[in-house]
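# Predicted model, plus sequence, below.
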Amino acid sequence: QCKGHCHGPHRPHMHSNHSAHGDKDLPGPYPLVEDPSTCDIVKATQYGMLERCRELVEAGYDVRQPDKENVTLLHWAAINNRQELVKYYISKGAIVDQLGGDLNSTPLHWAIRQGHLPMVILLLKCGADPSLIDGEGFSSIHLAVLFQHMPIVAYLISKGQNIDTTDLSGQTPLMLTAQKAMGPEPTRFLLKFNPSLSAVDNVQKNTALHWAIASGNISAVDLLLEAGASLDVKNVKGETPLDLAYQSQNHFMVYMMKEEERMRSRKNNRLLKIVEKYELFLMLASSLTFMWAIGYVMNLSSDSWLLKGGLLLCLLFGMALFVRHLVGLKNLRYLPTAFLLSSVFWMSMTWFFWFLADILYTQGLYFNLTLYTDVMGLLYYFYKTWSTDPGYIKTSEEERKENIVALAETGCLDFRTFCTSCLVRKPLRSVHCLACQACVARYDQHSLWTGQCIGVGNHCYYLLFLTFLTMTSVWLLYGTLLYWYNHCPTSYHQDGAWTYFTQVTYCSPWVSYISALACFHTVWASLWLAVQLYQIAFLGLTSHERMNLLIQRKSSKHPVSLRRTPYNLGCFQNLADFFQCRCFGMFKPNIIDWTKQYNVFHLAKEKNVHSV
Ligand SMILES: [Zn+2]
Ligand SMILES: [Zn+2]
């Protein structure tokens, strides 16, 4: 129904001006087609020649007078983002909401089609009405959505435009994005404002989900299903969304819909509801059992490795089946956490039942206590890392709208510094985490092992967690060596590496199994701890920033230094800042609230720094 969205009677003369600041930043001199002193007022307006326009208006030209294509000067000024001219014409009596052009649009509509946010702000300030509809039946917010100018959508909503405004055929902005927008971002963006999912248009009585399916917009279908769009609504022909999916013969879409239907019917099952409630505990318990079962099978007195191998395969198969059917997608990310905790549990059990007697006998009680202190420390700091807020940037809906208006009006609604998912202005060094669906202050990483983000709030705890994990695993490896020395009738020096290895595995498969786990945890935890400490002390960077700089270094022609950043204040100062420690007055840590820090300038001691 939209005929290519032409910009009025003919394509206006545009300069390639993508600056958000309008007239002031235009690159000059303009490639003028005519002599400025003789050109007509329309051309002078299009090119932003304020002096020439003023001259003509003062000589008697009526600013309200439309040209032969029924377009006013204000339209031309608006579509070309000539802010000074718009102010001037309005001061001379131009009508802000004048309809004009083929599509009977207001100057505001024209500015929105071109995505000129500063012009939209100016026109609204001058009293333009964003709810007026143009000749195609679209109001301002529909145009902004159709042309995918999301900053303008955000601004209009924050200025009070209803997210569920309907156009002439009853379509809401959400239906338009579901039908016409490319990629997931526009739909995801609109869903942030809680639009109605059940609204239907006037003609076909389609919901947004119907529209998304009919136009094959898979990312929109996915987002709408996730947001809980109904699967049962029928349109004017009595078709549900699933019927439309069948008609479209898009097999993937049919699969998505059926999966969703299955998931939703599962939600009503009482047993599964209980399972869901205690899913994390269940996961931990089953992970403990599986891990024990693996060790048990390996420890069987049978000599047949074929039998053991077969049993192990069965176990793995059972585990995969369990994960696939009982663990929800939401909790899948805690699988490594369950693995880590169960290995710590079985490591301490092994210490208690296998090594304790020996070590008590040879090394004394104190040595034993060290391991248990380590395990306690490990669990404590794991809990702290897991439960402490890493520094999520929080705002209420009202605050978000105020933010958008304030940012847009000061010309700062730049989507590199503004998170379109959270609708907040991103503080310096914060990153939006897709897994947590939130912006995290001084983001380091989304930790695989804790299933949580590591940010300014829990980074210290995370380092301590890594330290204790390394120490626990190292003690356990030491215990293993002692055990082998005392209980396995073989010697590394006499028998050589291979015989020694097979002998100790044969001697106690369980202990070998646990020591392999300990080895794995020692390696990753100690390496990762070393990398983290290096980054913090010598670079003053987070893992995320370092990765970004390394990528930048590869693609950039100029040398990119990891050390010359505004955050690197020297090794000792970096450490003092990170741990906020004074060390008896030796250091003076900078106190910076990274959830509210937007400006780099007063941090930077050097001018020549790379942006991170
Ligand atoms: Zn965010
Ligand atoms: Zn995260």
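Thanks, I have the structure now. Residues are numbered from 1 along each chain as shown. Ligands and ions are numbered 1, 2, ... in the order given.
# Distance check, T595 against T395.
The gap separating T595 from T395 is 11 Å, by CB to CB, to the nearest Å. All C-beta atoms are positioned from the backbone trio N, CA, C, and that covers glycine.
# Please apply the same query to I163.
18 Å.
# Of those two, which one has the most company?
For I163 versus T395, neighbours defined as other CB atoms under 10 Å are more numerous around I163 (18 against 15).
# hang on, the more buried one packs against M175?
No - with contact defined as CB atoms under 8 Å, I163 does not reach M175; the gap is 11.7 Å.
# residues from the chain in reach of ligand 2?
Remark: the part of the chain in contact with ligand 2 comprises C433, A435, C436, H446, C453, using CB under 5 Å from the ion.
# And for the second one, the neighbour number?
Per other CB under 10 Å, the neighbour tally for A435 reads 10.
# Is it part of a helix or strand, or is it coil?
Here A435 is recorded as coil under DSSP: H, G, I helix; E, B strand; the rest coil.
# just K557 next, same as before
K557 - assigned by three-state DSSP - is coil.
# mind listing what whatever residue of the stretch 251-400 of the chain ends up closest to ligand 2 touches?
Nearest residue of the stretch 251-400 of the chain to ligand 2 (CB to the ion) works out as P390 at 7.5 Å. The contact partners of P390, taken as CB atoms under 8 Å, 6 or more residues apart in numbering, are V440, A441, Y443, Q452, C453, I454, G455, V456, G457, N458, H459.
# now these in a markdown table, with distance to Q532?
Shown next, in a markdown table, are the contacts of P390 (distance: CB to CB, whole Å):
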| residue | distance to Q532 |
| --- | --- |
| V440 | 16 |
| A441 | 18 |
| Y443 | 14 |
| Q452 | 16 |
| C453 | 15 |
| I454 | 9 |
| G455 | 14 |
| V456 | 14 |
| G457 | 16 |
| N458 | 13 |
| H459 | 9 |
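# among the residues you listed, which are in strands?
Using DSSP state E, the members of these that fall within strands are V440, C453, I454.
# Neighbour-wise, give me the winner out of those.
V440 (31 neighbours).
# Run through the residues that contact that one.
P390, G391, Y392, I393, S430, V431, H432, C433, C453, G455.
# List only those of the residues you listed flagged as buried.
Neighbour counting with 16 or more other CB atoms under 10 Å marks P390, G391, Y392, I393, S430, V431, H432, C433, C453, G455 as buried within these.
# Tell me the one among these nearest to ligand 1.
Distances from ligand 1 to the buried ones among the contacts of V440, taken by CB to the ion, are shortest for H432, at 3.4 Å.
# Against ligand 2, how distant is T595?
Distance of T595 to ligand 2, computed by CB to the ion, to the nearest Å: 15 Å.
# so how many other residues sit close to that residue?
As a burial measure, T595 scores 19 neighbours (other CB under 10 Å).
# and what of T45?
T45, neighbours per other CB under 10 Å, totals 32.
# again with T165
T165 - counted by other CB under 10 Å - has 20 other residues nearby.
# how much space between it and I536?
Applying CB to CB to T165 and I536 gives a distance of 50 Å.
# about what we covered before: could you save the residues of the chain next to ligand 2 as a markdown table and add columns showing distance to ligand 1 and pLDDT?
Supplementary listing: the residues of the chain next to ligand 2 in a markdown table, determined by distance: CB to the ion, whole Å; pLDDT from 0 to 100:
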| residue | distance to ligand 1 | pLDDT |
| --- | --- | --- |
| C433 | 8 | 90 |
| A435 | 12 | 85 |
| C436 | 9 | 86 |
| H446 | 13 | 93 |
| C453 | 11 | 93 |
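# Including distance to T362, could the residues you listed go into a markdown table?
Below are the residues of the chain next to ligand 2 laid out as a markdown table (distance: CB to CB, whole Å):
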| residue | distance to T362 |
| --- | --- |
| C433 | 48 |
| A435 | 46 |
| C436 | 47 |
| H446 | 43 |
| C453 | 44 |
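# any idea which of these is the one closest to V254?
Using CB to CB, A435 comes nearest to V254 of the residues of the chain next to ligand 2, at 28.1 Å.
# what's the domain layout of the chain?
Using automatic domain parsing, the domain parsing of the chain gives 1-161, 190-268, 271-327, 345-612.
# Make sure N217 is actually in contact with A178.
Yes - proximity of N217 to A178 meets the contact threshold set by CB under 8 Å, at 6.0 Å.
# Common neighbours of those two, please.
T187, W211.
# Neighbour count for those two, which is higher?
A178 (30 against 23).
# coming back round to it: which of the contacts of V440 fall within helices?
In helices, judged by DSSP state H, none of these are found.
# Which of those fall within strands?
V431, H432, C433, C453.
# list the contacts for the second one?
What it means is H432. H432 is in contact with C419, S421, C422, K426, A438, C439, V440, counting by CB under 8 Å, 6+ apart.
# And the helices in the stretch 401-550 of the chain?
Secondary structure of the stretch 401-550 of the chain (DSSP state H, counting those that start in this stretch): helices at 459-487, 492-507, 509-534, 543-555.
# Just send these back as CSV, with mean neighbour count and mean pLDDT too.
Output for these, formatted as CSV (neighbours: other CB atoms under 10 Å; pLDDT from 0 to 100):
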stretch, mean neighbour count, mean pLDDT
helix 459-487, 21, 91
helix 492-507, 13, 78
helix 509-534, 18, 93
helix 543-555, 15, 89
